[in-house]
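**Student:** Build me a model from this:
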Amino acid sequence: MKCLFCKAELIWDSDFDGHEVDEDRYEDNDGSIVSFYTCPCCGRKYQISDPTKEEKESEYKEYWNN
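**Tutor:** The predicted model follows:
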């Protein structure tokens, strides 16, 4: 993955269970993952998360279920 600002390759920091990161957004043991990345050039941080159950069932469900 590349940084949106300086286009450098991002460095993976860690992965967490979605429920550990945001109890209000994710259900316990729902299989969600939240990944953290850092840009080595400009220092920006990225948090990439799985869609929630509600997001998967929204108007974008065809996108999430492919």
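
**Student:** How about the most far-flung residue of the chain relative to its centre: what's its closest non-neighbour residue?
**Tutor:** Relative to the mean C-alpha coordinate of the chain, counting by C-alpha atoms, centre = their mean, the farthest residue is Cys41 (20.8 Å). Leaving aside its sequence neighbours, Cys41 sits nearest to Ala8 (C-beta to C-beta, 6 or more residues apart in numbering; 4.0 Å). Every C-beta, even on glycine, is put in place using the N, C-alpha and C of the backbone.

**Student:** Start from the N-terminal end of the chain and give the strands.
**Tutor:** 11-17, 33-38, 45-49 (DSSP state E).

**Student:** any chance of the ones you listed in JSON lines, plus mean neighbour count and mean pLDDT?
**Tutor:** Formatted as JSON lines, the entries for the strands of the chain read as follows, by neighbours: other C-beta atoms under 10 Å; pLDDT from 0 to 100:
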{"stretch": "strand 11-17", "mean neighbour count": "12", "mean pLDDT": "95"}
{"stretch": "strand 33-38", "mean neighbour count": "16", "mean pLDDT": "94"}
{"stretch": "strand 45-49", "mean neighbour count": "13", "mean pLDDT": "95"}
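
**Student:** Out of those, which is closest to Tyr63?
**Tutor:** Nearest of those to Tyr63, taken as C-beta to C-beta: strand 45-49 at 15.2 Å.

**Student:** got a list of contacts for that closest one?
**Tutor:** With C-beta atoms under 8 Å, 6 or more residues apart in numbering as the contact definition, strand 45-49 has outside contacts at 1, 10, 18, 21-22, 32-39.

**Student:** Note down every partner strand of it and its orientation.
**Tutor:** Each strand that strand 45-49 pairs with, and the sense of that pairing, follows from DSSP bridges: strand 33-38 (antiparallel).

**Student:** Might you list the low-confidence residue ranges for the protein?
**Tutor:** Counting by pLDDT under 70, the ranges of the chain that qualify are 64, 66.

**Student:** so who does Cys41 touch?
**Tutor:** Applying C-beta under 8 Å, 6+ apart, the residues near Cys41 are Cys3, Cys6, Ala8.

**Student:** Pull out the buried residues from the residues you listed.
**Tutor:** Buried positions within those, assessed by neighbour count (16 or more other C-beta atoms under 10 Å), are Cys3.
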